[in-house]
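**Student:** With the input below, show me the fold.
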Amino acid sequence: MFYIFYVFVWIFSWFPLRVLYLFSDIYFLIIYYVVGYRKKVARRNIEKSFPEKSKSELRAIERRFFRYFCDLFVETLYQIHMSEKEILKRIDIGNLDLILEQYANEKSVMLMTAHYGNWEWGSAISLKLPSDKPLQNVYKKLNNTKFDAFMIRIRRKFKSGTIETHDLLRTMIKMRKANHIATFGMISDQSPWGGNVKHWMTFLNQDTPILDGTEQLAKKFDYPVIYIHIERVKRGYYKCEYFPIALEPKLMPEMEITKKYFHILEQKIQEAPEYWLWTHNRWKHSHLRNK
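**Tutor:** Coordinates of the predicted model:
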């Protein structure tokens, strides 16, 4: 099954992106109106996040999201054959001074982001970082080893590395001992595992269980924390913006780093909600709050 998928994707991804967007338009009609892929989850999440909006406004957000979701799918596959020249044309990496200043101080960086915009294309920032201090994408391993290897290949496309979540602490300790500096890319808006819910906050008008792993690592190693926002400019084009969250993490009050991250993310979602991953069952553990 995987090899059939791989051959299809390999051929499919050679089409120009403008052609792939035609496929995306067709996929949207099928996924949204015929299959209804995770529509109930997305609808519930959107309705609860924007209780002040009318039904027509909520449905408009929903449709725009699924249109973008299909674009995101073809853009991710297109990345397989994408050149460095083209990715840098399609995503404005922006000013990396915040990161480079920390490198000059001999410190690695915790770069927080979210399932917003094209986070996979965001790995291209490694092309603008020193080759000996690349971006290390932190990811959760997929159950299917072949699909996992496929996604790793995509994520390493533009000179960035990958570190599986369970190996992160051990790898960071090893790199520190060897005086190796890097930027650790952390997608931090996932829902915690049900048995590991420790912290809650109000996020998008809902009682939300949150992860604080990035904050704990930042304080342990005294690595500054920066948020990267990947904004869609137009179809096929993005730009990156960087926000300092904690340049001296050990001086920050407990949970302040995590709260600042979610505050920035919430603002960005409210400005353009269609670019966040609404099909993720983000609030599946909210009932644990009352137990």
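
**Student:** alpha carbons only for contacts and neighbour counts from here, please
**Tutor:** OK.

**Student:** What distance do you get for the closest residue in space to R64 that isn't next to it in sequence to K107?
**Tutor:** Take R64 and drop its neighbours on the chain: the residue closest to it by CA to CA, 6 or more residues apart in numbering is E274, 5.6 Å away. Noted for E274: a distance of 35 Å to K107, by CA to CA, to the nearest Å.

**Student:** Who are the contact partners of the closest residue in space to M252 that isn't next to it in sequence?
**Tutor:** Computed as CA to CA, 6+ apart, the closest residue to M252 that is not its neighbour in sequence is A246, at 7.2 Å. Applying CA atoms under 8 Å, 6 or more residues apart in numbering, we find A246 in contact with P224, V225, I226, M252, I257.

**Student:** got it, and N118?
**Tutor:** When contacts are counted by CA under 8 Å, 6+ apart, N118 touches L72, I230, R232, Y238.

**Student:** can you confirm it is in a helix?
**Tutor:** No: per DSSP: H, G, I helix; E, B strand; the rest coil, N118 lies outside any helix segment and is coil.

**Student:** My read is that the residue nearest to R64 contacts D71, right?
**Tutor:** No: at 11.8 Å, E274 and D71 do not qualify as touching, with contact defined as CA atoms under 8 Å.

**Student:** which residues are common contacts for the two?
**Tutor:** Residues touching both E274 and D71 by CA under 8 Å, 6+ apart: none at all.

**Student:** Identify each buried residue in the helix or strand bottoming out on mean pLDDT in the chain, please.
**Tutor:** Taking mean pLDDT, DSSP states H and E as the measure, the chain has helix 2-12 as its least confident helix or strand, at a mean of 86. By neighbour count with 16 or more other CA atoms under 10 Å, helix 2-12 contains no buried residues.

**Student:** Quick one: mean pLDDT for the top helix by length along the chain?
**Tutor:** In the chain, assigned by DSSP state H, the helix with the most residues is helix 55-78. Taken as a whole, helix 55-78 has a mean pLDDT of 97.

**Student:** List of residues touching it?
**Tutor:** Helix 55-78 is contacted by residues 9, 13-14, 17, 20-21, 24-25, 27-28, 32, 42-43, 46-47, 50, 118, 120-121, 236, 273-278 when judged by CA under 8 Å, 6+ apart.

**Student:** rerun that using 7 Å as the cut-off
**Tutor:** Residues outside helix 55-78 that contact it (CA atoms under 7 Å, 6 or more residues apart in numbering): 9, 13, 20-21, 24, 27-28, 32, 43, 46-47, 118, 120, 273-275.

**Student:** Low-confidence bits of the protein, can you list those?
**Tutor:** 194-195, 286-291 (pLDDT under 70).

**Student:** Tell me where it has strands.
**Tutor:** With strands called from DSSP state E, the chain shows them at 91-92, 109-113, 135-139, 161-164, 183-187, 199-203, 206-210, 225-234, 237-246.

**Student:** Sweet, I'm off.
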